[in-house]
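*Asks:* Got a predicted model here, sequence first, then my questions.
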Amino acid sequence: MAVDMEKLVALCRRRGFIFQSSEIYGGINGFWDYGPLGVELKKNIKDAWWHDMVRNPALGPDRQEIAMVGVDCAIIMNPKVWEASGHVGGFADWMVDCKKCRKRYRADKVFFRLLSQPSNPKELVAILAVEADDASEAQRLLGTEHDRLVKKKKLPADLLPSAPMSGLQIKTGKRPCPAPGCDGELTEPRQFNLMFETYIGAVRDEENRAFLRPETAQGIFVNYRNVLDSTRLKLPFGIAQVGKAFRNEINPRNYTFRSREFEQMEIEFFCHPDESMKWYEYWRDVRIKWYSQLGIKSNQLRPREQGKDELAHYSIGTTDIEYLFPFAEEPQELEGVAHRGAYDLTQHQKHSGKDMSYFDEDAWERDKANRGTNSFKEWLKKNPPKEEIEKYQFIPQVIEPSAGADRFTLAVLCEAYAEDELGGEARTVMRFHPRLAPIKAAVFPLVNKEGMPEKAHALYRELKNDFNVFYDDKGAIGRRYRRQDEAGTPYCFTIDGQTMQDDTVTLRDRDSAQQTRVPISGVAAELRQRLRPGA
């Protein structure tokens, strides 16, 4: 069953997953707040990523242990970082504005139906406009709108070509605004920088201008040398970071999917150039499998290798791990696994003047006898060929798995949402993977008498030491179960009359609604077993 986004958004607000930022003042476009359940869900996603990728990553392609460390870098960095990375000069989208309603759009997301003027066949005039993520969605929207206007005799049926065209392909003529009910025209496309500017210190001038980081990767790259010098790491190794990034999106849309403030879970994995493709394939496969292990159905997950015309100029290869969200007809990106080559370290070496090369001590120790000296520096004085030097000293290549914490949170919400019938009654249930569920278990006394509240509260306090658990003694037990179903709580433990006789409790499973008896002394161990990675 396709998820109704309106129902999901309403549930997220009602149950405290996601709120619009500054809602009491009318909100602010492109910014969202996570409520009590949402912050736990997102934290569990980040914790699962950190555990599975940094603290306990899967064995490497040759069954070796993977060396991984973490960093937490500043959001505001020296502006020269963004000059070296290319963001200052090239991090911009083309935008258009409506001259009437003042709405702003990314030019590549506006699609037109065109009419050739009889007086000048080379001049194209746009008749209909829609905003869409891709050509197929635009084709559907334009076709629907065209048919509606034809029926109202506001458009001739035989003058429109069948294929939509993007805004950048309209060179002359009217460009209608895609906003419903607006008869305004769009401006010429112009570039729009996606970085948020700020100023350091008291004076707002060019010398003190800085930026909120548009990605977390560059903080890792500029600290690569520090990490290498302060640890005993040897290639291959990875540096990971979870943190906020900011992009001044022209038109944020699709709930939290495209936001101006978001959080990334990112790895820069440094390796020998000769082994880079092996590691690219390793990380691509590991990351695809990770999503499936956390409850994303395989038919909704669509890994896609980028074509040569899509690749960034520095990229040797990129796989987009995509998910088919309910709001889109085509899969949308959750994560990119990119082979970035040596581009970033080379750029920072060039712009900073700092040496970003890696010296392979093991390779030198193995070959030094054949080089006629124990000293690498002395050997360099003999001016050996560049290709010989690069056997021992080189700039590592980088594989980058870069995931969006907010996008995956939204995918998890979409995947978990379900409506079914239980005991003849309709229910809404969030079927989160237990590792990700905001509340791991709820504890109920069946009734507030006969010693049940005391036993229930004691169990709640015991579980609270290790898990995020919830205590509820209000209302009928069926209603309490339904409330926890909506919150996505996988397990409920109920203290009832039999508990008072044999010290067992009722364990109720969220998805199946099946109930079993568990010794009260073994509840914590049972819950720990069910929540462990790989369970």
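*Replies:* Now that the structure is in, tell me what you want to look at. Numbers count the residues shown, from 1 in each chain.
*Asks:* So residue 319 sits against residue 284, correct?
*Replies:* Yes: between residue 319 and residue 284 there is a contact under C-beta atoms under 8 Å: 4.7 Å. The way it works is simple: take the backbone N, C-alpha and C, and place the C-beta from them, glycine included.
*Asks:* Overlap of the contact sets of those two?
*Replies:* With contacts taken as C-beta atoms under 8 Å, 6 or more residues apart in numbering, residue 319 and residue 284 have 303, 337 as neighbours in common.
*Asks:* residues touching the spatially closest residue to residue 101 that is not a sequence neighbour, list them.
*Replies:* Distances taken as C-beta to C-beta, 6 or more residues apart in numbering place residue 182 nearest to residue 101, at 4.6 Å, with adjacent residues excluded. With contact set as C-beta under 8 Å, 6+ apart, residue 182 has these partners: 98, 100, 101, 103.
*Asks:* I'd like the residues you listed laid out as CSV, including secondary structure and neighbour count.
*Replies:* Shown next, in CSV, are those (DSSP: H, G, I helix; E, B strand; the rest coil; neighbours: other C-beta atoms under 10 Å):
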residue, secondary structure, neighbour count
98, strand, 21
100, coil, 13
101, coil, 13
103, coil, 16
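*Asks:* ok, back up a step: ok, the residue nearest to residue 101 to residue 30 distance?
*Replies:* According to C-beta to C-beta, to the nearest Å, residue 182 stands 21 Å off from residue 30.
*Asks:* do the same with residue 180
*Replies:* Applying C-beta to C-beta to residue 180 and residue 30 gives a distance of 20 Å.
*Asks:* Which of those two has more residues huddled nearby?
*Replies:* Taking other C-beta atoms under 10 Å, residue 180 and residue 30 do not tie; residue 30 has more neighbours (20 against 7).
*Asks:* which residues touch the more buried one?
*Replies:* Here residue 30 is in contact with 249, 252, 258, 259, 260, 261 (C-beta under 8 Å, 6+ apart).
*Asks:* Could you report the separation of the second one from residue 328?
*Replies:* When you say that, I think you mean residue 252. 15 Å.
*Asks:* Next SSE downstream of the strand or helix carrying residue 11?
*Replies:* Assigned by DSSP states H and E, residue 11 belongs to helix 5-14. The helix or strand immediately downstream of helix 5-14 is strand 18-20, counting by DSSP H and E.
*Asks:* helices and strands around that following strand, which ones?
*Replies:* helix 5-14, strand 32-34 (3 or more C-beta pairs under 8 Å, 6 or more residues apart in numbering; DSSP states H and E).
*Asks:* Each with direction, which strands does that strand pair with?
*Replies:* strand 32-34 (antiparallel) (DSSP bridges).
*Asks:* Would you mind listing the buried residues in the strand it pairs with?
*Replies:* The neighbour-count check on strand 32-34 (16 or more other C-beta atoms under 10 Å) flags 32, 34 as buried.
*Asks:* contacts for the helix or strand following that strand?
*Replies:* Sequence-wise, the next helix or strand downstream of strand 32-34 (DSSP H and E) is helix 36-50. With C-beta under 8 Å, 6+ apart as the test, helix 36-50 has contacts from 12, 15-18, 34, 70, 240, 242, 263, 265, 290, 294, 403, 405-406, 408-409, 412-413, 432, 435-439, 468, 487-488, 533.
*Asks:* just to revisit the earlier point, nearest to residue 134, of the helices and strands packed on strand 18-20?
*Replies:* helix 5-14 (17.8 Å; C-beta to C-beta).
*Asks:* wait, what's in contact with residue 228?
*Replies:* Counting by C-beta under 8 Å, 6+ apart, residue 228 has contacts residue 358.
*Asks:* To which secondary structure element is it assigned?
*Replies:* helix 224-230.
*Asks:* For that helix, what does the pLDDT average out to?
*Replies:* Mean pLDDT, computed over helix 224-230, is 95.
*Asks:* The following helix or strand past that helix: which residues count as buried?
*Replies:* Remark: after helix 224-230, the chain's next helix or strand is strand 237-246, criterion DSSP H and E. Within strand 237-246, the residues that qualify as buried are 237, 238, 239, 240, 241, 242, 243, 245, 246, counting by 16+ other C-beta under 10 Å.
*Asks:* Same question for stretch 364-379.
*Replies:* 364, 371, 376, 379.
*Asks:* And for stretch 315-328?
*Replies:* Those would be 315, 316, 317, 318, 319, 320, 321, 322, 323, 324, 325, 328, for stretch 315-328 by 16+ other C-beta under 10 Å.
*Asks:* ok, for the third one, nearest residue in space, not its chain neighbours?
*Replies:* What it means is residue 317. Closest to residue 317 by C-beta to C-beta, 6+ apart is residue 339, at 4.4 Å.
*Asks:* contacting residues around the helix or strand where the one you found lies?
*Replies:* In this assignment (DSSP H and E), residue 339 forms part of strand 332-341. Here strand 332-341 makes contact (C-beta under 8 Å, 6+ apart) with 133, 254, 257, 276-277, 280, 283-284, 287, 291, 312, 314-325, 397-404, 407-408, 411.
*Asks:* One more: stretch 472-487?
*Replies:* 11, 15, 37, 423, 427-430, 438-439, 442-446, 448, 453, 456, 470, 492, 494, 508, 510, 513.
*Asks:* Keep only those of those that are in strands.
*Replies:* 427, 428, 429, 430, 442, 443, 444, 445, 470, 492, 494, 508 (DSSP state E).
*Asks:* Using PyMOL, define a selection of the buried residues within those.
*Replies:* Those of the ones in strands among the contacts of stretch 472-487 that count as buried under 16+ other C-beta under 10 Å are selected in PyMOL with:
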select buried, resi 427+429+430+442+443+444+445+470+492+494+508
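*Asks:* Residue 143: which of the ones in strands among the contacts of stretch 472-487 is nearest?
*Replies:* Nearest to residue 143 among the ones in strands among the contacts of stretch 472-487, with distances taken as C-beta to C-beta, is residue 428, at 33.8 Å.
*Asks:* From the contacts of helix 36-50, keep the buried residues only.
*Replies:* Buried among the contacts of helix 36-50 (16+ other C-beta under 10 Å): 12, 15-18, 34, 70, 240, 242, 263, 265, 290, 294, 403, 405-406, 408-409, 412-413, 432, 435-439, 487-488.
*Asks:* In space, what's closest to the residue lying farthest from the centre of the chain - neighbours in sequence excluded?
*Replies:* Residue farthest from the centre of the chain, counting by C-alpha atoms, centre = their mean, is residue 372 at 52.0 Å. In this structure, residue 372 finds its nearest non-sequential neighbour in residue 379, 7.5 Å apart by C-beta to C-beta, 6+ apart.
*Asks:* give me phi/psi at the one you found?
*Replies:* Dihedral pair for residue 379: phi -60, psi -40, per degrees, to the nearest 10.
*Asks:* list the contacts for it?
*Replies:* 368, 371, 372, 373.
*Asks:* repeat for residue 231
*Replies:* By C-beta under 8 Å, 6+ apart, the neighbours of residue 231 are residue 69.
*Asks:* For it, what are phi and psi?
*Replies:* phi -130, psi 180.
*Asks:* Can you give me the distance of it to residue 273?
*Replies:* 22 Å.
*Asks:* got the residue ranges for the helices in the stretch 101-250 of the chain?
*Replies:* Counting by DSSP state H, counting those that start in this stretch, the stretch 101-250 of the chain has helices at residues 135-151, 217-222, 224-230.
*Asks:* Tell me the helices and strands packed up against the shortest one.
*Replies:* I take that to be helix 217-222. So helix 217-222, by 3+ C-beta pairs under 8 Å, 6+ apart, packs with helix 79-85, strand 237-246, strand 261-271, helix 343-352.
*Asks:* Ok, which of those comes nearest residue 392?
*Replies:* Among the helices and strands packed on helix 217-222, strand 261-271 comes nearest to residue 392, with 15.7 Å by C-beta to C-beta.
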